[in-house]
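Peer 1: predicted model, plus sequence, below.
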Amino acid sequence: MLQKIEEGFWQKNRASKVKDVNDTVAGIIEQVRKDGDKALLELTEKFDKVKRKSVLVSREEIEEAYEKVDPVLVEELENAAYNIQRFHQMQLPNDLWLSEVEPGITLGVKSTPLERVGCYIPGGRAAYPSTAMMTVIPARVAGVEEVICCTPAPINPAILVAMDIAGADEIYTVGG
């Protein structure tokens with residue numbers, strides 16, 4: 001039997017939840033602005049149940065991840081990185097100067113990469129190393145100077161290896 005839902009039910013409930021979420025997020029942002037990395041470490045412990053000394057992943061942690069990941073997977077990630085890089089290189093736009101429409105006025109297209117890009121790599125139950133590859137490598141191919149990755153703790157070793165192979169400059173354990 002179908003039950004009649006009162007008019008405005010969905011909007012009423014959604015609006016109160018959105019306000020709760022907004023208030024929670026605003027509090028987190030304020031805490032991070034005020035306390036910086038200290039707040040990030042506290043929030044990582046609170047939400048991810050992981051205690052860390054730093055949000056920045058060390059080179060040592062990356063090397064330890066390589067030891068935990070099957071060498072066959074590392075090789076597959078390296079092959080994938082090569083193919084992804086080749087694919088995105090073929091998509092690079094060429095600077096194109098079309099024509100001089102009036103003396104001193106030339107029309108054209110010029111592509112300029114961003115200086116810095118941040119990539120969020122999900123972790124947890126749905127950990128996909130491919131997400132690291134498909135975000136970091138295109139940025140690198142485009143000429144982005146600095147690529148920073150964030151992923152929640154604890155970091156899946158395969159994701160950490162994938163971020164390294166893809167060319168991330170820095171990796172932070174910061175959840176979403």
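Peer 2: In hand now; what should we look at? Numbering: from 1, shown residues only.

Peer 1: what is the neighbour count of the nearest residue to Pro152 once chain neighbours are set aside?
Peer 2: Excluding the flanking residues, the one nearest Pro152 by C-beta to C-beta, 6 or more residues apart in numbering is Gly175, at 3.5 Å. Heads up, the C-betas are built off the backbone N, CA and C, glycines and all. Counted with other C-beta atoms under 10 Å, the neighbours of Gly175 add up to 18.

Peer 1: for Gly175, which residues are in contact?
Peer 2: 43-44, 47-48, 123, 151-153 (C-beta atoms under 8 Å, 6 or more residues apart in numbering).

Peer 1: mind saving the C-alpha coords of the host helix or strand of Gly108 as CSV?
Peer 2: In the assignment (DSSP states H and E), Gly108 maps to strand 105-109. What follows is strand 105-109, C-alpha atoms only, in CSV (Å, rounded to 0.1, in the frame of the first residue of the first chain):
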residue,chain,number,x,y,z
ILE,A,105,46.4,42.2,-34.3
THR,A,106,46.9,38.5,-34.5
LEU,A,107,44.3,35.9,-33.4
GLY,A,108,45.3,32.6,-31.9
VAL,A,109,45.2,30.1,-29.1
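
Peer 1: which strands and helices sit next to that strand?
Peer 2: strand 96-102 (3 or more C-beta pairs under 8 Å, 6 or more residues apart in numbering; DSSP states H and E).

Peer 1: where do the helices sit along this protein?
Peer 2: Ranges of helices in the chain, per DSSP state H, are 9-35, 37-43, 59-68, 71-90, 129-142, 157-166.

Peer 1: same list, these, but as JSON lines with distance to Lys53 and mean pLDDT please.
Peer 2: JSON lines is the format used below for these (distance: least, C-beta to C-beta, whole Å; pLDDT from 0 to 100):
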{"stretch": "helix 9-35", "distance to Lys53": "16", "mean pLDDT": "79"}
{"stretch": "helix 37-43", "distance to Lys53": "8", "mean pLDDT": "89"}
{"stretch": "helix 59-68", "distance to Lys53": "11", "mean pLDDT": "98"}
{"stretch": "helix 71-90", "distance to Lys53": "27", "mean pLDDT": "97"}
{"stretch": "helix 129-142", "distance to Lys53": "23", "mean pLDDT": "96"}
{"stretch": "helix 157-166", "distance to Lys53": "17", "mean pLDDT": "97"}
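
Peer 1: no further questions, thank you.
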